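Visitor: model the following, please.
(2 chains)
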Amino acid sequence: MREQDVCTPEARYVYAVIPRAPREEFGPIGLGGARVYVLWQGEIGALVHDCPPEPYQGDTETMMGCVNTHNGVIDRAWAEAGSILPMRFDVIVRPDEGHTADENVRRWLEEEHSNFKIKLDEFRGKVELGVQILWDPAVIASKLAEGSEELRALKAAMANMSKGTAYLQRHKIAEIVKQEMERKAVRDYTACYEALSKHAESIHVNKLQKHDTKTMIANLALLVRREKVEAVGAALGSFSGEEGVEVRFTGPWPPYTFAAKIPVAGERSPVGQGLGNAG
Amino acid sequence: MPVERTPSLESVPDVVERILDRGIVIVDREAFFSLFRLELLGIEAGATVLSCDTYLDYAEAVGLLPLAAPRHVTEYVSRGGVRDWLRFPWRYIRIALRTVLGK
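Guide: Residues are numbered from 1 along each chain as shown, chains lettered A, B, ... in the order given. The predicted structure follows:
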């Protein structure tokens, strides 16, 4: 961990943006037990703690602890404020020439005020859910093969073939299995997406993750009204019964994925035209 | 049967994925650090490994269908695009083949 004693806590670690709420002190729940509080600007505020102007870093164990703490702070504030725009890990605002870190945070909030306010209103009463579909490829392949007359015939024919021809036949079978699996993946993915879109306000398609023993065929983030969470679980029921198919359903999450899609000024304007040079 | 939901705090890989890869991030502003450096981590969380190497794979990994366009999937398939989407690694195909051929 960093050495707090040798650095001045002149910067602000930002956890999230929240709508104005009665509470502005969250106590020592931040990274390293830091006191978390809110810097208000108009109708919105930034959830921060004081820190030296340098990133948090460390070994895996330390970082996992930090990630969990970051998530915990956001969960607490989300429960309190009813809506939240979570920041990614390790976003730190520092002072610069002529401005304290607090001024920079407030100027950022002011600049993004209407943008953030609209999203905070939109996300109120909604949660993010994660849905992943994972296959056991061997099980799926053997089931496809059992069900395919073509594959059964190709396999049976191998018995009477010379070594060389059987080798080629093997390749042919492999190619067919692969294509069948791809077709099934698209079918299952499409069916799942369509079933979920009935319950979700928005769906974000995430990249598929690598997995040691399984193949991921869908990795979705859903933005749903809180009261529809159980309906999503029920809708997923029709996909989970199949042998070799695992459906992972996680949440409710603060809207991490959907907050990430908000365009903020830093991404719109070129370097140097941001807070550092303004006013 | 409804699928049982895993509460967010009990799913470490999902927590890591969201906090390190999602959420608002501010870039290119002098007053901001946004210095999460993935290469500093070799986070091994359950079955999902997010270390630098795997992250690079992960970043360009299979996936990323056109957003909100499941009905275009068929079209995508017919253009042969599905191979980019679902690159079944050959080791899976080999496993599958062994299962199919019983060898």
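
Visitor: break chain A into its domains for me.
Guide: A:4-124, A:126-258 (automatic domain parsing).

Visitor: just put those domains in TSV and tack on mean neighbour count, mean pLDDT and distance to chain B.
Guide: For the C-beta atoms, the positions are set from N, CA and C on the backbone; glycine is no exception. Listed next are the domains of chain A as TSV, based on neighbours: other CB atoms under 10 Å in any protein chain shown; pLDDT from 0 to 100; distance: least, CB to the nearest CB, whole Å:
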stretch	mean neighbour count	mean pLDDT	distance to chain B
domain A:4-124	19	90	4
domain A:126-258	18	89	3
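
Visitor: tabulate those (TSV), appending distance to residue B:24.
Guide: Below are the domains of chain A laid out as TSV (distance: least, CB to CB, whole Å):
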stretch	distance to residue B:24
domain A:4-124	5
domain A:126-258	9
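
Visitor: of all those, which lies closest to residue B:6?
Guide: Smallest distance to residue B:6 across the domains of chain A (CB to CB): 4.7 Å, for domain A:126-258.

Visitor: roughly how far out does that closest one sit from the chain middle?
Guide: With CA atoms, centre = their mean, to the nearest Å as the basis, domain A:126-258 stands 20 Å off its chain's centre.

Visitor: for that domain, measure first residue to last.
Guide: 11 Å (CA to CA, to the nearest Å).

Visitor: and the domains of chain A: which comes nearest residue B:32?
Guide: Nearest to residue B:32, of the domains of chain A and by CB to CB, is domain A:4-124 at 5.7 Å.

Visitor: what sits closest to residue A:202 if chain neighbours are left out?
Guide: Closest residue in space to residue A:202, ignoring its immediate chain neighbours: residue A:223 at 4.2 Å, by CB to CB, 6 or more residues apart in numbering or on different chains.

Visitor: and residue B:22, by the same measure?
Guide: Nearest non-adjacent residue to residue B:22, counting by CB to CB, 6+ apart: residue A:256, 3.9 Å away.

Visitor: also residue A:262?
Guide: Per CB to CB, 6+ apart, closest to residue A:262 is residue A:119, 5.5 Å.

Visitor: how far off centre is the strand or helix carrying that neighbour?
Guide: Per DSSP states H and E: residue A:119 is located in helix A:113-123. Remark: helix A:113-123 is offset 19 Å from the chain centroid, using CA atoms, centre = their mean.

Visitor: give the next helix or strand downstream of that helix.
Guide: strand A:126-135.

Visitor: nearest spatial neighbour of residue A:235, skipping sequence neighbours?
Guide: residue A:195 is the one closest to residue A:235 (CB to CB, 6+ apart), at 4.9 Å.

Visitor: correct me, but that neighbour touches residue A:238?
Guide: Yes: between residue A:195 and residue A:238 there is a contact at 7.1 Å, judged by CB atoms under 8 Å.
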